[in-house]
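> Fold the following, please.
(chains A and B)
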There are 2 protein chains.
Amino acid sequence: MSLIEDLNWRYACKRMNGETVEQDKIDIILDAIRLAPTSMGMQIFKVSVITDPKIKKQILEEAAPRQMMIKGCSHLLVFSAYTKLTQEDVNEYIDHLGEVRNITGARLEEYRTKWSFLLGMSEQEIFEWSARQTYIVMAYASIAAASLRVDSTPVEGFNASIVDGILGLPEKNLRSTLLFPLGFRDSNEDHLADTPKVRKDIKDLFIF
Amino acid sequence: MSLIEDLNWRYACKRMNGETVEQDKIDIILDAIRLAPTSMGMQIFKVSVITDPKIKKQILEEAAPRQMMIKGCSHLLVFSAYTKLTQEDVNEYIDHLGEVRNITGARLEEYRTKWSFLLGMSEQEIFEWSARQTYIVMAYASIAAASLRVDSTPVEGFNASIVDGILGLPEKNLRSTLLFPLGFRDSNEDHLADTPKVRKDIKDLFIF
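Model prediction:
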């Protein structure tokens, strides 16, 4: 299958049928997230992988009652952005970079000094910057899912504070930005399953 | 080739060799952008497709002097976000939706009423929301490029006001968020071409 076929197959699934996505497919989707490019390679995001039916139900009922696809999904990914960036985060990144690329001594310390400007950013700036990274990695997950014929739906319409509370994200300096149910479409119940995609023409999206 | 192979092949290319990306590959990359999911399907973003060497040079020199891959790219995409959402934008979207999905009369007017809440958003809210959408579509472009063995580099590090000025974006209620050169890696000149990817472990990115 070609990428464009995958992207035409994909749609924002509104009803899922309760079947469980196989673990090997989940592994590929998570690997795509891990391989996605992010700002300066820092990967400042986290993804909660929720399979517990009780937690899914609680999120559906308390934070996203109109997002019915959560009911029949087998895995609910919650993408979250950093609300703080600590010296430890920067050090971990630099140390890891040094290890993987075999950089040590003064050259590595140059990197550390260069990166320390990040610690001057405000919490709001960190959050907005990190939130944008979650949109990149969600996009990677959505293409990986489509290539495996797994359905997914990016969801912005939910109460983030409630989800954060349920998952204990604030204690980890995180705030949720996107819900992302994974499962299989219920074509009988989803009125959007067979409708044509609504997309602007090339001339309305691109400036040549 | 599998998606994971494509993603391992991809890296943030720092030097491009000046060869021109074939038009059929560009068409697929633009189509992937067009097919990407965005908030409520509204596609509130634009992409400037720059091939004029003079404009590329001006952007490189005046707005992004450290981003040397712009020198050898054949196409420079500039992703831009909306700074305003007008009644006309909403109407165009609703009318187009009605046309594609054959919805008319009172049902279409319901959509129009439902969507009008968007007009109450502040310009800053519109921009941040739209900016996030540009990160999704850039991610789609980057996977499409990798699947075609075309190199690309998402660039946040540039002076957006200068780029906006060069391209006349403010007059169109747009602000640039990402540069995205497309071309082919110059493996001799790019010290990153053969270095291993630096990525966090699964346990540091995912919360199970």
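> going forward, measure contacts between C-alpha atoms and count neighbours the same way
Fine.
> ok, now which ones touch the closest residue to residue A:118 other than its chain neighbours?
Among residues not flanking residue A:118 along the chain, residue A:85 sits closest, at 7.7 Å (CA to CA, 6 or more residues apart in numbering or on different chains). For residue A:85, the contact set (CA atoms under 8 Å, 6 or more residues apart in numbering or on different chains) comprises A:118-119, A:126.
> What does residue A:206 show for phi and psi?
phi -120, psi 150 (degrees, to the nearest 10).
> what residues are up against it?
Shown in contact with residue A:206 (CA under 8 Å, 6+ apart): B:46-49.
> Of these, which belong to helices?
Residues from these lying in helices, with DSSP state H as the criterion: none.
> Show me those that map onto strands.
Judged by DSSP state E, the contacts of residue A:206 include B:46-49 as members of strands.
> Endpoint to endpoint, stretch A:68-81 covers what distance?
Start-to-end span of stretch A:68-81 (CA to CA, to the nearest Å) is 24 Å.
> Show residues contacting that stretch.
Residues lying outside stretch A:68-81 but in contact with it, judged by CA under 8 Å, 6+ apart, are A:13-21, A:44-51, A:56-57, A:60, A:127, A:130-131, A:133-134, A:138, A:174-184.
> which of those are buried?
With neighbours counted by 16 or more other CA atoms under 10 Å in any protein chain shown, these contain buried members at A:13-18, A:21, A:44-50, A:56, A:60, A:127, A:130-131, A:133-134, A:138, A:174-184.
> Among those, which are located in helices?
A:56, A:60, A:127, A:130-131, A:133-134, A:138.
> ok, and of these, which contact chain B?
A:131, A:133, A:138 (CA under 8 Å from any CA of the partner chain).
> Just give me the closest of the residues you listed to residue A:208.
The closest of these to residue A:208 turns out to be residue A:133 (CA to CA; 27.1 Å).
> how near is the closest residue to that closest one other than its chain neighbours to residue B:82?
Nearest residue to residue A:133, sequence neighbours excluded (CA to CA, 6+ apart): residue A:38, at 5.8 Å. From residue A:38 across to residue B:82, the span is 22 Å (CA to CA).
> Neighbour count: these two, which is higher?
The neighbour count for residue A:38 versus residue B:82, taken as other CA atoms under 10 Å in any protein chain shown, is higher for residue B:82 (24 against 21).
> Pull the contacting residues for the closest residue to that one other than its chain neighbours.
Nearest residue to residue B:82 in three dimensions, chain neighbours excluded: residue B:174, at 4.7 Å (CA to CA, 6+ apart). For residue B:174, the contact set (CA under 8 Å, 6+ apart) comprises B:46, B:80-84, B:164.
> Swap in 7 Å and give it another go.
Residue B:174 sits next to B:80-83 when contact means CA atoms under 7 Å, 6 or more residues apart in numbering or on different chains.
> and whatever helix or strand residue A:28 lives in, what does it pack onto?
Assigned by DSSP states H and E, residue A:28 belongs to helix A:23-35. Applying 3 or more CA pairs under 7 Å, 6 or more residues apart in numbering or on different chains; DSSP states H and E, one finds that helix A:23-35 contacts helix A:123-147.
> and the helix it packs on, how far out from the chain's middle?
5 Å (CA atoms, centre = their mean, to the nearest Å).
> what does stretch A:158-170 give?
15 Å.
> in that stretch, what counts as buried?
A:158, A:160, A:162-164, A:167, A:169.
> about what we covered before: so which of the contacts of residue A:206 would count as near chain A as well?
B:46-49 (CA under 7 Å from any CA of the partner chain).
> Near chain B, which residues of chain A are found?
For chain A, the residues in contact with chain B (CA under 7 Å from any CA) are A:4, A:7, A:32, A:34-35, A:45-50, A:97, A:100-101, A:132, A:135-136, A:139-140, A:195-196, A:198-199, A:205-208.
> What is the neighbour count of residue A:105?
8.
> pLDDT value on it, please?
The confidence metric pLDDT takes the value 92 at residue A:105.
> From chain B, how far out is it?
Distance, residue A:105 to chain B, by CA to the nearest CA, to the nearest Å: 19 Å.
> ok so, going back, out of the contacts of residue A:206, which one sits closest to residue B:93?
Nearest to residue B:93, judged by CA to CA, of the contacts of residue A:206 is residue B:46 at 14.7 Å.
> give me the beta-bridge partners of that closest one?
Taking DSSP bridges, one obtains residue B:80 as the residues bridged to residue B:46.
> I figured it hits residue A:205, correct?
Yes. Using CA atoms under 7 Å, residue B:46 is in contact with residue A:205, at 5.0 Å.
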